[in-house]
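Asker: task: produce atomic coordinates for the following.
(2 chains)
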There are 2 protein chains.
Amino acid sequence: MSFVSALPRNDTGIKTAMGILKQRLGDRLQTSTSIREQHGHTTTWHENQLPDAVAFAQSTQEVSDIVKICATHKVPIVAFGTGTSLEGQVNAPAGGISIDVSQMNKVLKVHSEDLDAVIQPGITRKELNEYLRDTGLFFPIDPGADASLGGMAATRASGTNAVRYGTMKDNVISLEAVLPDGRIIRTGQRARKSSAGYDLTRLMIGSEGTLGIITELTVRLQGIPEAMSSAICSFPSIDAACRAVISTIQMGIPVARIELLDATQVKASNAYSNLTLPETPLLLLEFHGSTSSVSEQAESFGEIAKDEDGFGFEWTASPEERTKLWQARHDAYWAGLAMRPGATGIATDACVPISRLAEIVGMAQAKYEELGLTAMILGHAGDGNFHTTVLVMEDDADEMARAAEYVSWVSSTAISMEGTCTGEHGVGQGKRSYLRKELGDAVDLIATIKAAIDPDNIMNPGKII
Amino acid sequence: MSFVSALPRNDTGIKTAMGILKQRLGDRLQTSTSIREQHGHTTTWHENQLPDAVAFAQSTQEVSDIVKICATHKVPIVAFGTGTSLEGQVNAPAGGISIDVSQMNKVLKVHSEDLDAVIQPGITRKELNEYLRDTGLFFPIDPGADASLGGMAATRASGTNAVRYGTMKDNVISLEAVLPDGRIIRTGQRARKSSAGYDLTRLMIGSEGTLGIITELTVRLQGIPEAMSSAICSFPSIDAACRAVISTIQMGIPVARIELLDATQVKASNAYSNLTLPETPLLLLEFHGSTSSVSEQAESFGEIAKDEDGFGFEWTASPEERTKLWQARHDAYWAGLAMRPGATGIATDACVPISRLAEIVGMAQAKYEELGLTAMILGHAGDGNFHTTVLVMEDDADEMARAAEYVSWVSSTAISMEGTCTGEHGVGQGKRSYLRKELGDAVDLIATIKAAIDPDNIMNPGKII
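Answerer: Prediction:
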């Protein structure tokens, strides 16, 4: 059932490289078990596979130097930001060196007129937005966790407001990376669009550290909207809720977030956050724009919801009231865990064309019930992306096997509906086995590119392919 | 001064492949000079380099078969849609076979609920939008020419409304392509977002036929906005106009188009279209949204323009009035040519961070005057992308040399301002020599990818690198 298997190790090379790195970095090369464990840490269920050492890099040049040493001795390299990835991306199945870039966390430049910022990869999204607070600008991508921007780019992350602002691929203008031989490249300059050659920026985004290590990013910023409004509405069925989502998108209402909670998730949130929401499917929305447009948008959605037998529709533009209205969503993860004390949450990440969302969510609910699992569903409905949180006791082998069956079923079913096994968490170790089903022979093209750029397979081996 | 040079030819291979293709395709393999000339045709000034034959393909399988035959005999292949590219992308400097996909022009499926369509590469954007007319949906990218969607993707095209809807990279969900060995791959399925492996979709977009031939596209569609409004405003200087653009973007007004004409272009348009616009820099805008939001957007822009000493501000939401207001922009290309009968227009394509737009436009005007050239400037100001139309007599060698100097100056200056030599026309033959200045050693990474995927360099040789 495990998605994690060890790869052959190059013990001699690793030992030699560690000796050189120790001389070069001193205390910034760490080998304690606790630090190594933390750097191989994976959220959800993947086993921990420790790197042999963790190198804390402080500059692009230093990343390049470390990579050159590792390249010379054919030693695996795993880039590390905050360790919030979910699919085993930071595990080290062949050992090697974890390069921690969390100390490279500066904002190098904000260009307010151009709505962009040049940043180091270790800065987290909350730190970036904190830094931007007085500029009237913000960075929109919000994957939930306070992840590092480098990691978010590497995983092609997105989150709740991708329906309006896109994913990391849409919000990075260009980047700097260290290639597997230590060369430092920049994929582009700072113009908002360019047709100058292959899209190396997008090639690096989503490559999960298998082609190089991102050492700098130029990211797009957005003006903080003049106003925001939030709305919630309950629906008699998942189907009705999804029809309301489709109408909203079709009518071109520029919704910033549109989240779906299933009845079980609402029930969990009621219990955890002391709410009294009807225990039926719930949509939560957020609108960004001018004061008049955010009320117009909320009210237009209200009309759509009414047509789909929505009830309990409420909206507000007041900041405090907005937080209250979204309480069920903000607490969703913790509310889920609280339903089964001691359990671990396993998150699926399927994404389908939105016309198929209601169908697959309905099937998924039937499936986890059939398997006797405790689970609930929460979706970025505007993108057709939904997560099942399956609550498992990790020491119950039978339950873990049933959870694995469910994860496999969701991934395969989404693919059979022209969707993907991963909307935003990436492939890592956990989704590798579904890639050929989803992409067919294009997987061979991925392998060709990987082999050409990293012929010795030292960059995050055992991930994606 | 020419950007075009012939490459070594594989005469034996070409002859053999043509014999086999003739048997396979019959009349759909054409070798007449006129057809070959048309398929090597490049808009603007690049010399015509003819392919040896043109193969009219009718299906993906047929493209694959033709590619396999060419691959066996190491024969160059140039993909052809409508021939509206501007940088010599369809020229055949080593001869070979032009694969014309214009007969592959069907809409295979429209998914209204998912706002996407599956199309063949030969359909043009006007044909696609004509097809969509009754669905309430449209495909937004408008590069001016009625280009094929396959070609637009291959060149990473955009146009006037990229400021709102993005470029081709943002509007293709996935695609099917024939690789240099004839294998058919699909880069993804139909979910609106995915983190499943390397972004092969974006790798193919902008690769200008050097990595494969696009044979099918799944494109994003937009709901036709409930309302549109248009506005124009004159400004005392390019600087003032650009400051108004920056404020508009910073304030988050979701402008759909924001175009800049310089005083010479306005003068040309006045003469050609019988208008009486003040002969100073002009901004033309378009807003999409609800009825109330498009008036709010236009009026907000009016306020911004006033702060920058804008004058002659007018806006309207009536379709006929909108066309009249935008007349100067619609006729800009023809108005330019009419200023100098018999002249050819050469278009530059620099794109800079918008904070630098006023500066480079001012410098460009001084530069073409210093060189004694007749020229005018028109820009997609919201993206920092501007085109100079240089009017040249092609038989005047001295003038052509001065035009070449100007093109070179614009490209280099844009790059030195953290911009790009090509915002939307692509590299082709014309911009190859600037690529290393712009991308540095990343050019070597492009070469590595090209060599890995197309080791015999049969796919559009002599382009990009």
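
Asker: tell me the confidence at the one residue sitting closest to the centre of chain A?
Answerer: Nearest to the geometric centre of chain A sits residue A:157, at 3.7 Å (Cα atoms, centre = their mean). Per-residue confidence (pLDDT) for residue A:157: 98.

Asker: my read: it touches residue A:170, true?
Answerer: No. Counting by Cβ atoms under 8 Å, residue A:157 does not reach residue A:170; the two are 11.6 Å apart. C-beta here means a position set from N, CA and C on the backbone, and glycine is covered the same way.

Asker: how about the residues of the stretch 351-465 of chain A near chain B?
Answerer: The stretch 351-465 of chain A comes close to chain B at residues A:351-355, A:383-385, A:414-415, A:418-427, A:431, A:434-435, A:438-446, A:448-453, A:464-465, as judged by Cβ under 8 Å from any Cβ of the partner chain.

Asker: which of those residues are buried, as a PyMOL select command?
Answerer: To isolate the buried subset of these in PyMOL, counting by 16 or more other Cβ atoms under 10 Å in any protein chain shown, use the following:
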select buried, chain A and resi 351+352+353+354+355+383+384+385+414+415+418+419+420+421+422+423+424+425+426+427+431+434+435+438+439+442+443+445+446+449+450+452+453+464+465
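
Asker: could you report the neighbour count for the one residue in the stretch 201-350 of chain A that gets nearest to chain B?
Answerer: The minimum distance from the stretch 201-350 of chain A to chain B, using Cβ to the nearest Cβ, falls at residue A:202 (3.5 Å). Residue A:202 is flanked by 24 other residues according to other Cβ atoms under 10 Å in any protein chain shown.

Asker: look up the closest residue to it, ignoring the ones flanking it.
Answerer: Excluding the flanking residues, the one nearest residue A:202 by Cβ to Cβ, 6 or more residues apart in numbering or on different chains is residue B:202, at 3.5 Å.

Asker: now what about whichever strand or helix holds residue A:201, what contacts it?
Answerer: In this assignment (DSSP states H and E), residue A:201 forms part of helix A:200-204. Here helix A:200-204 makes contact (Cβ atoms under 8 Å, 6 or more residues apart in numbering or on different chains) with A:153-154, A:169, A:172-175, A:177, A:185, A:187-188, A:211-212, A:214, A:449, B:169, B:198-199, B:202-203, B:439, B:442, B:445-446, B:449.

Asker: let me know the average pLDDT across the next helix or strand after it.
Answerer: Following helix A:200-204 in sequence order, the next helix or strand is strand A:213-220 (DSSP H and E). Per-residue pLDDT over strand A:213-220 has a mean of 98.

Asker: for residue A:7, which non-adjacent residue is spatially closest?
Answerer: For residue A:7, ignoring the flanking residues on the chain, the nearest one in space by Cβ to Cβ, 6+ apart is residue A:94 at 3.9 Å.

Asker: for that neighbour, list the residues it contacts.
Answerer: A:6, A:7, A:8, A:9, A:10, A:76, A:461, A:462.

Asker: repeat that for residue A:450.
Answerer: Shown in contact with residue A:450 (Cβ under 8 Å, 6+ apart): A:210, A:211, A:457, A:464, A:465, B:198.

Asker: name the nearest residue to the fourth one, ignoring sequence neighbours.
Answerer: It refers to residue A:464. Here the residue nearest residue A:464, using Cβ to Cβ, 6+ apart, is residue A:427, at 4.6 Å.

Asker: test my guess that the one you found contacts residue B:198.
Answerer: No. Counting by Cβ under 8 Å, residue A:427 stays clear of residue B:198, with 9.7 Å between them.

Asker: between those two, which contacts overlap?
Answerer: Taking Cβ under 8 Å, 6+ apart as the criterion, residue A:427 and residue B:198 both touch residue A:464.

Asker: any chance of the contacts of residue A:450 in a markdown table, with distance to residue B:264 too?
Answerer: A markdown table is the format used below for those (distance: Cβ to Cβ, whole Å):
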| residue | distance to residue B:264 |
| --- | --- |
| A:210 | 51 |
| A:211 | 46 |
| A:457 | 57 |
| A:464 | 52 |
| A:465 | 55 |
| B:198 | 45 |
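
Asker: flag whichever of those residues scores worst on pLDDT.
Answerer: Among the contacts of residue A:450, pLDDT bottoms out at residue A:465, giving 92.

Asker: for residue A:347, give its distance to residue A:206.
Answerer: According to Cβ to Cβ, to the nearest Å, residue A:347 stands 18 Å off from residue A:206.

Asker: who has more neighbours, the two?
Answerer: Neighbours were counted for residue A:347 and for residue A:206 using other Cβ under 10 Å; residue A:206 has more, 27 against 19.

Asker: would you agree the more buried one is in contact with residue A:152?
Answerer: No. Using Cβ under 8 Å, residue A:206 makes no contact with residue A:152, being 10.5 Å away.

Asker: among the contacts of residue A:94, name the ones in helices.
Answerer: Among the contacts of residue A:94, no residue falls in helices (DSSP state H).

Asker: now rank these by neighbours and give me the top one.
Answerer: Neighbour counts for the contacts of residue A:94 (other Cβ under 10 Å) peak at residue A:76, which has 27 neighbours.

Asker: quick one: contacts for the residue lying closest to that residue once chain neighbours are set aside?
Answerer: Leaving aside its chain neighbours, residue A:76 sits nearest to residue A:96 (2.9 Å; criterion: Cβ to Cβ, 6+ apart). Applying Cβ under 8 Å, 6+ apart, we find residue A:96 in contact with A:14, A:51, A:52, A:70, A:75, A:76, A:77, A:78, A:458, A:461.

Asker: pipe the residues you listed into JSON lines and attach distance to residue B:275 and pLDDT per row.
Answerer: Shown next, in JSON lines, are the contacts of residue A:96 (distance: Cβ to Cβ, whole Å; pLDDT from 0 to 100):
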{"residue": "A:14", "distance to residue B:275": "73", "pLDDT": "98"}
{"residue": "A:51", "distance to residue B:275": "68", "pLDDT": "98"}
{"residue": "A:52", "distance to residue B:275": "72", "pLDDT": "98"}
{"residue": "A:70", "distance to residue B:275": "65", "pLDDT": "98"}
{"residue": "A:75", "distance to residue B:275": "68", "pLDDT": "98"}
{"residue": "A:76", "distance to residue B:275": "66", "pLDDT": "98"}
{"residue": "A:77", "distance to residue B:275": "62", "pLDDT": "98"}
{"residue": "A:78", "distance to residue B:275": "63", "pLDDT": "98"}
{"residue": "A:458", "distance to residue B:275": "63", "pLDDT": "98"}
{"residue": "A:461", "distance to residue B:275": "64", "pLDDT": "98"}
